[in-house]
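>>> Got a predicted structure here, sequence first:
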Amino acid sequence: NRNATRQCESDLISQYAQRLSDKTFEAEVVQLNGKMLTLRCVSNGIQGTLTTASIGKKWKYDALRGKLSSDAKTILLGDTFSVKISNCNEHHRTISFALADVKKD
């Protein structure tokens, strides 16, 4: 029952997110690794991913401290970004974000 409920929620969120592709959201980092950030929109709870390549090329992941670092910036859990929904795949139930104001390091 729980799995069916999660799948139904994911389907509904994916359908809803497609309607919001033109809007900008503040999203908080809830998980990170060397290749990807998982972000959750503060206003509506939509969760999706943002690749680290889209925010700069040279990131170093520190698993012990849970942070990404470059020469100019450090990303920690709880940091916020202005994002837009760039891709919403209903079949795989995934949402991808893109930065609203692209600034690469």
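Received, thanks.
>>> just for this structure, where's the confidence low?
102-105 (pLDDT under 70).
>>> That one: strands as residue ranges?
Using DSSP state E, the strands found in the chain span residues 24-32, 36-41, 47-51, 60-62, 67-69, 74-76, 80-89, 94-99.
>>> Any chance of TSV for these, columns mean neighbour count and distance to residue 17?
Using the backbone N, CA and C atoms, a C-beta is placed for each residue, glycine as well. Converted to TSV, the strands of the chain look like this (neighbours: other Cβ atoms under 10 Å; distance: least, Cβ to Cβ, whole Å):
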stretch	mean neighbour count	distance to residue 17
strand 24-32	17	10
strand 36-41	20	9
strand 47-51	18	8
strand 60-62	12	27
strand 67-69	18	25
strand 74-76	15	23
strand 80-89	16	5
strand 94-99	18	5
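>>> Make CSV out of those and add distance to residue 3.
Output for the strands of the chain, formatted as CSV (distance: least, Cβ to Cβ, whole Å):
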stretch, distance to residue 3
strand 24-32, 21
strand 36-41, 20
strand 47-51, 18
strand 60-62, 31
strand 67-69, 32
strand 74-76, 32
strand 80-89, 19
strand 94-99, 17
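>>> So for residue 10, which of those strands sits nearest?
Among the strands of the chain, the nearest to residue 10 by Cβ to Cβ is strand 94-99 (8.8 Å).
>>> Now do that closest one: which elements does it pack against?
In terms of contacts (3 or more Cβ pairs under 8 Å, 6 or more residues apart in numbering; DSSP states H and E), strand 94-99 is packed against helix 2-18, strand 47-51, strand 80-89.
>>> Lovely, talk soon.
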